[in-house]
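Peer 1: mind folding the following:
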Amino acid sequence: MKTQDREKYSVGFETPKQMGRDFFSRPFDKPSTERFLNYFLFNGDYEGLFTAMRFGYVRKNHGSKNYITNSLGLHDLDSGYFHLFLDLAGFAKTDVSEIFKVAIASFNAPEDNILYAWRPAARGNILDAAEKNFDATVKMLDRYDPTYKSFAILFEVNKSAASEFLVTQLLYGKDIDKTAIRKLLMQFKIDVNYIFGPHYKDNDSKTREAIVRLALLYKSDNFVAEFLERVLEIENNQAIKDIIIASGDRGKVKPPLNILEEFEFSLMTGKTTKVTDFLTRLKVDKPFANIAEQVFFSIYENDYLTNIVVVHEGSVRDLDNQPMPLASNQRVGVLHPIEIPPAQAFIKNLEIPKQPILQIARPHFLPTDHEYSANKILKFDGTLLASENFATTLKQHGFKIVYEADSLIVSQAAIFLGDYACVIHFTNDTTMTKLKHANFYMGKDFVPLKGKLFFERAVPISISQIPARSFSEFMFALTKVGGACLQN
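Peer 2: A predicted model of the protein is given here:
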């Protein structure tokens with residue numbers, strides 16, 4: 001339908017309801033039915049189509065409800081209107097792709113949308129199509145449903161074929177919402193984690209690269225993060241290793257590239273190593289041992305801090321410089337000042353020569369009572385910054401711009417640590433940026449798509465859910481962006 005024809009058809013009608021009543025007030029013919037349907041299908045105005053069908057179809061001899069239920073044998077009025085739409089589309093020989101678009105939009109509609117009333121009938125339409133021609137239906141849904149929600153219907157027809165198609169999309173698909181696919185697979189108990197198992201090296205280089213790119217979407221999962229670490233150790237293809245290293249550009253904490261970054265990474269994230277591996281490395285890795293002599297370490301047992309130690313002349317010692325025996329079930333991490341217990345608080349006041357990483361003098365933060373009750377960070381609310389440098393500042397300190405699904409207005413940026421994310425909200429104009437509050441979210445609430453990061457209907461989580469180390473590091477990053485250091 002040409003644009004001018006569409007505009008001509010709408011002349012004299014202010015609402016879809018009026019268009020529907022005009023159309024249904026006279027006998028159908030193919031040209032008028034085409035014009036009526038195409039008016040709404042042209043720009044995907046399916047809510048307008050719904051309104052025209054529901055409020056436009058009136059018979060003089062009997063109400064539309066009686067006509068629909070009696071003629072089609074249906075007791076659901078709105079499902080009857082959907083089937084009437086299918087009849088009209090068949091009469092007008094509407095392209096099947098347009099019918100699929102309406103069915104997909106109806107099946108995926110949220111409960112507060114009027115199209116949700118067509119959901120049962122739309123599901124039945126897609127289900128019937130899949131039972132008749134599964135492969136053609138898969139292709140149609142893949143083309144017109146970027147959210148992959150309607151793929152749930154395919155599992156009712158052929159679970160094996162549906163999961164095989166989606167796993168292939170996870171590995172090799174481009175410019176698609178892989179997080180949505182993974183959630184769907186997990187919903188139907190298809191364990192995609194087997195992809196990251198011990199047989200990784202048995203695949204060819206193309207498949208290994210696809211697996212790594214998939215893993216990077218879920219590297220906040222401990223299982224997948226450990227897998228990526230193993231790949232960096234065992235992978236012989238430097239191009240694949242470079243993909244993992246470059247993944248830091250997403251705004252996540254970068255994997256360590258050298259020994260100093262390795263120490264900083266451990267301090268920020270709480271990453272630990274086995275005692276046996278730590279002691280071996282002190283013996284065989286001289287650069288590592290030299291830096292270790294200038295850093296405080298934490299000893300953990302069953303995830304609880306049991307001691308603070310230092311390294312002197314290659315041996316591990318307590319704070320009184322006495323040899324400290326370590327057990328094989330313990331783990332070693334770089335001490336974060338937020339975890340120093342009161343009995344060792346004197347460490348913070350020691351006159352320590354400049355350390356290779358910012359450790360004991362590192363600003364550290366705990367939530368205030370007001371932050372707990374408000375469930376947001378308000379320290380930076382009202383801070384003004386020059387807009388010309390703001391984007392660069394965000395990137396320098398690990399933040400990435402976040403977009404809302406229905407808007408491209410730039411008004412928030414996120415930084416990630418482990419399973420969590422901190423989002424700073426702001427307003428922006430050509431000259432000044434005004435910081436507002438900050439909230440915390442689960443990292444899985446964000447979807448990377450086509451080079452951008454999107455909220456997925458994210459809801460802030462309680463500050464009490466954020467580990468103390470992560471909260472402190474988030475706040476440290478915020479102070480660097482805000483240009484202030486508000487140490488508690």
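Peer 1: show me what counts as buried in stretch 392-404.
Peer 2: By neighbour count with 16 or more other Cβ atoms under 10 Å, stretch 392-404 contains the buried residues Thr393, Leu394, Gly398, Phe399, Lys400, Val402, Tyr403. C-beta coordinates here come from the backbone N, C-alpha and C atoms, glycine included.
Peer 1: and the residues you listed, which of them are in helices?
Peer 2: If you go by DSSP state H, the buried residues of stretch 392-404 have Thr393, Leu394 in helices.
Peer 1: where in the chain is pLDDT low?
Peer 2: Residue ranges of the chain with pLDDT under 70: 1-14, 57-76, 191-192, 218-222, 247-257, 405-409, 449-451, 456-457, 483-488.
Peer 1: that older thread, okay, the buried residues of stretch 392-404 in JSON lines with distance to Phe297 next?
Peer 2: As requested, the buried residues of stretch 392-404 are exported to JSON lines (distance: Cβ to Cβ, whole Å):
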{"residue": "Thr393", "distance to Phe297": "32"}
{"residue": "Leu394", "distance to Phe297": "32"}
{"residue": "Gly398", "distance to Phe297": "24"}
{"residue": "Phe399", "distance to Phe297": "29"}
{"residue": "Lys400", "distance to Phe297": "31"}
{"residue": "Val402", "distance to Phe297": "35"}
{"residue": "Tyr403", "distance to Phe297": "41"}
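Peer 1: and for the residue nearest to Thr427 when sequence neighbours are not counted, the neighbour number?
Peer 2: The shortest distance from Thr427 to any non-neighbouring residue, by Cβ to Cβ, 6 or more residues apart in numbering, is to Lys434 (4.8 Å). The tally of other residues near Lys434 (other Cβ atoms under 10 Å) stands at 16.
Peer 1: quick one: the strands in this structure?
Peer 2: Using DSSP state E, the strands of the chain run over residues 273-274, 297-301, 304-312, 315-317, 331-334, 384-386, 400-403, 412-417, 420-428, 432-442, 446-449, 452-455.
Peer 1: hmm, who's touching the fifth one?
Peer 2: Contacts to strand 331-334, defined as Cβ atoms under 8 Å, 6 or more residues apart in numbering, come from residues 263, 266-267, 270-275, 278, 295-301, 326, 357, 359.
Peer 1: can you select the buried ones from these in ChimeraX?
Peer 2: Typed into ChimeraX, the line below selects the buried ones among these, using 16+ other Cβ under 10 Å:
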select :263,266,267,270,271,272,275,278,295,296,297,298,299,300,326,357,359
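Peer 1: ok, back up a step: go through the strands of the chain and name the closest to Pro467.
Peer 2: Pro467 lies closest to strand 420-428 among the strands of the chain, at 7.8 Å (Cβ to Cβ).
Peer 1: buried ones in the closest one?
Peer 2: Buried, per 16+ other Cβ under 10 Å, within strand 420-428: Tyr420, Ala421, Cys422, Val423, Ile424, His425, Phe426.
Peer 1: can you check stretch 135-154 too?
Peer 2: For stretch 135-154, the neighbour count (16+ other Cβ under 10 Å) marks Thr137, Val138, Met140, Leu141, Asp142, Asp145, Tyr148, Lys149, Ser150, Phe151, Ile153, Leu154 as buried.
Peer 1: now find how far off-centre it is within its chain.
Peer 2: Offset of stretch 135-154 from its chain centre (Cα atoms, centre = their mean, to the nearest Å): 21 Å.
Peer 1: end to end, how far does that stretch reach?
Peer 2: Counting by Cα to Cα, to the nearest Å, you get 10 Å between the two ends of stretch 135-154.
Peer 1: identify the residue nearest Glu156 in space, chain neighbours excluded?
Peer 2: Closest residue in space to Glu156, ignoring its immediate chain neighbours: Leu127 at 6.4 Å, by Cβ to Cβ, 6+ apart.
Peer 1: quick one: contacts for that neighbour?
Peer 2: Contacts of Leu127 (Cβ under 8 Å, 6+ apart): Ile153, Glu156, Val157.
Peer 1: okay, those residues in a markdown table with distance to Asp381 next?
Peer 2: Below are those laid out as a markdown table (distance: Cβ to Cβ, whole Å):
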| residue | distance to Asp381 |
| --- | --- |
| Ile153 | 46 |
| Glu156 | 50 |
| Val157 | 52 |
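Peer 1: between those, which sits nearest Leu37?
Peer 2: Comparing these against Leu37 with Cβ to Cβ places Ile153 closest, at 23.7 Å.
Peer 1: straight-line length of stretch 338-346, end to end?
Peer 2: Terminal-residue distance, stretch 338-346 (Cα to Cα): 13 Å.
Peer 1: which parts of it are buried?
Peer 2: Buried, per 16+ other Cβ under 10 Å, within stretch 338-346: Ile338, Glu339, Ile340.
Peer 1: and which of the residues you listed is nearest Thr479?
Peer 2: Closest approach between those and Thr479, by Cβ to Cβ: Ile338, at 14.3 Å.
Peer 1: the closest one and Ser160: what is the separation?
Peer 2: Using Cβ to Cβ, to the nearest Å, we find Ile338 at a distance of 49 Å from Ser160.
Peer 1: and what of Ser472?
Peer 2: Computed as Cβ to Cβ, the Ser472 to Ser160 distance reads 48 Å.
Peer 1: settle it for me: which of those two has more neighbours?
Peer 2: Counting neighbours by other Cβ under 10 Å for Ser472 and for Ser160 shows that Ser472 has the greater number, 24 against 9.
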